[in-house]
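Colleague: Next comes the sequence, and after it the predicted model I'd like to discuss.
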Amino acid sequence: MDYKLSKYVFFLNLRDGSAVCQIRNGAIVKLALACAKRIQNGDLSHLSKSSLNILIKHQIVIPAKTAEREELVVDFMRRKHKSTALCFTLSLGYGCNCACSSCFQNEYPKDVHMTDETVQKVIDFILELAQKKRPPAIAIWYYGGEPLTYTQSGEQLSYIIKSKCNDIGINVYQYMATNGTLLSQRSSRAMLSSLDQFHLTVSQSKQAHGRERPYRSGANSYSDVVKGVGLLAELKKRISLRINVSNVDTLEMDLIVLLKDLAKACGGPYRGMVIQLHQHLREGALCRGNTEAARFSKDIYTHISSVVRKCMPRLDWGPENFLLHGTSQVLYSQGRCLGELCGYIRGSKFFVAPSGDLYLCNITENEPRYLLGNVRNPQEALSNKVYLRALTFLLADRPECKSCEFLPLCITTCSINILEFGMPSRTSCRKKQQDKVVEYILRVTSKSTEVVDKNIARFTHEPQE
């Protein structure tokens, strides 16, 4: 059988040779430099049988008749149309008791919230879609402002949606993004009991929290947030806690104090909490969809990783409690190529504004060109041309992208970036982020390898199936 080099591979010269990465699955093989050059030119004749088999096994070399792009598109469409959960983000209102310096909602009108009529229409909309689509599950995100400002609406939504969907055999998972300051209030208890997971943010120290996440009165909200985390631990709720890092020099000391405060509030290190460290964004730096801005540079990420590992054993927190956000995790995680489809791309995700207006996603909220309709007339929204255009968009058809070696990583890119910017933005185009692919290869190939023959080393990194 004749073979050819896959079009979705990336070569990198190393000190002791070269490496080739299969973009589709994250596989990496180390090569002799001369061998790599010949393979890049399409010459496979010099390879031994064992070397060729290694390259074939990990799809770096493929049968000559393989139509790779067509296979990629078929796989994408299969995953896109696979039965998936219906996802709804419900913004209960813009009112918030905090004035976080990096929040893009600071200028939103604080008196806007869901009316009782809108709440009922939202319930009807979700139940109608549930009956029509019969998804395996429904995921609800409660969003704001601060959603616990609106506990009456939240209780009604969370209880009715869960009970009605359970009656027809659909599981409902409910989440909340909250500043944490109102968790311990008695009025919040009923709503908390029906939710599964909570997402909170705290600054690295009490002093930094007072500057970055104060109450509107100017008071420090740190103690109330920590107290709220303790209550969630008592209720055995899952917690995702983001720590904003603004001063790397004092991080070790600050992290020790913060983890002690959290452990005290939770009655010890709480295994149901995952802690993520993010770079604190200065005022005005945070905008909708600006996820890359919160990632650390390689050097800072390495330093922070070492600080966290030093602190963990001293305070009895385990590695399962930490998820570090760094450039080395952008492309591949545990060997698996990142490319999970957002519910928006599948047509199963909706953002509901306090007015009942429907959008493609929360990053398009209040953008008239992305308005789909309103929960009072759901059919209008589901037949909206913007919605249909986004659903039918295929990155592999773009002239700039169809022959790019990074297409397997980008094909699941959020269509909003494409529709808004006309072409992939830097945060969605992996070709513009080659440094991260390079870092991934260097990190993996730094491990010792066993030479198979003069041309090729033992397979270095095998992705999960």
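Modeller: The structure has been received and is ready for your questions.

Colleague: for L52, what are its contacts?
Modeller: When contacts are counted by C-beta atoms under 8 Å, 6 or more residues apart in numbering, L52 is found next to 3, 44, 61. Bear in mind the C-beta positions are built from the backbone N, C-alpha and C, glycine included.

Colleague: give me that answer again for 10 Å
Modeller: Shown here is L52, whose contacts under the criterion C-beta atoms under 10 Å, 6 or more residues apart in numbering are 3, 44-46, 61, 455-456.

Colleague: Quick check: helices, which of the residues you listed are part of them?
Modeller: Secondary structure assignment (DSSP state H) places none of those within helices.

Colleague: Out of those residues, which end up buried?
Modeller: Burial by neighbour count, 16 or more other C-beta atoms under 10 Å: within the contacts of L52 this picks out 3, 44, 61, 455-456.

Colleague: just those residues now: which is nearest W317?
Modeller: I456 (42.0 Å; C-beta to C-beta).

Colleague: bridging residues for that closest one?
Modeller: Residues in a beta bridge with I456, per DSSP bridges, are L31.

Colleague: That one contacts K57, doesn't it?
Modeller: No: counting by C-beta atoms under 10 Å, I456 stays clear of K57, with 12.0 Å between them.

Colleague: Dump the buried ones among the contacts of L52 to CSV, plus pLDDT and distance to D16.
Modeller: Converted to CSV, the buried ones among the contacts of L52 look like this (pLDDT from 0 to 100; distance: C-beta to C-beta, whole Å):
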residue, pLDDT, distance to D16
Y3, 93, 26
L44, 91, 22
V61, 93, 22
N455, 73, 13
I456, 73, 13
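
Colleague: can I get the residues you listed in TSV with distance to A233?
Modeller: TSV is the format used below for the buried ones among the contacts of L52 (distance: C-beta to C-beta, whole Å):
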residue	distance to A233
Y3	56
L44	58
V61	52
N455	55
I456	51
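
Colleague: now, which of the residues you listed sits nearest K432?
Modeller: When the buried ones among the contacts of L52 are compared for distance to K432 (C-beta to C-beta), V61 comes out closest, at 27.4 Å.

Colleague: if I look at that closest one, how far off is P136?
Modeller: 38 Å (C-beta to C-beta, to the nearest Å).

Colleague: Kindly report the same for L391.
Modeller: 20 Å.

Colleague: Give me the more crowded residue out of the two.
Modeller: L391 (14 against 11; other C-beta atoms under 10 Å).

Colleague: And the pLDDT for that one?
Modeller: Taken from the predicted model, the pLDDT recorded for L391 is 75.

Colleague: which neighbours do I456 and K57 share?
Modeller: Residues touching both I456 and K57 by C-beta under 10 Å, 6+ apart: V29.

Colleague: So which elements touch the helix or strand hosting E71?
Modeller: Using DSSP states H and E, E71 falls within helix 68-80. Applying 3 or more C-beta pairs under 10 Å, 6 or more residues apart in numbering; DSSP states H and E, one finds that helix 68-80 contacts helix 343-346, helix 407-410.

Colleague: which is the next helix or strand following that helix?
Modeller: strand 86-91.

Colleague: and that next one, how far from the chain's centre?
Modeller: Here strand 86-91 is found 16 Å from its chain centre; the criterion is C-alpha atoms, centre = their mean, to the nearest Å.

Colleague: same thing with stretch 17-36?
Modeller: The answer for stretch 17-36 is 28 Å, by C-alpha atoms, centre = their mean.

Colleague: can you start the count at 837 instead of 1 from here on
Modeller: Okay, using 837 as the starting number, the last item reads as stretch 853-872.

Colleague: what about it, start to end distance?
Modeller: 8 Å (C-alpha to C-alpha, to the nearest Å).

Colleague: Now name the helix or strand holding the residue lying closest to P1155 once chain neighbours are set aside.
Modeller: If the residues on either side of it in the chain are set aside, P1155 comes closest to M1148, at 6.7 Å by C-beta to C-beta, 6 or more residues apart in numbering. Applying DSSP H and E as the criterion places M1148 in helix 1134-1151.

Colleague: And that helix, what does it pack against?
Modeller: Looks like helix 1134-1151 contacts strand 1074-1081, helix 1087-1102, strand 1109-1115, strand 1158-1160, helix 1270-1281 (3+ C-beta pairs under 10 Å, 6+ apart).

Colleague: let's go with 7 Å and repeat that
Modeller: Judged by 3 or more C-beta pairs under 7 Å, 6 or more residues apart in numbering; DSSP states H and E, the packing partners of helix 1134-1151 are helix 1087-1102, strand 1158-1160.

Colleague: Provide the angle between the direction of the first one and the direction of helix 1134-1151.
Modeller: So that's helix 1087-1102. 40 degrees (axes from the mean of the first three to the mean of the last three C-alpha atoms, to 10 degrees).
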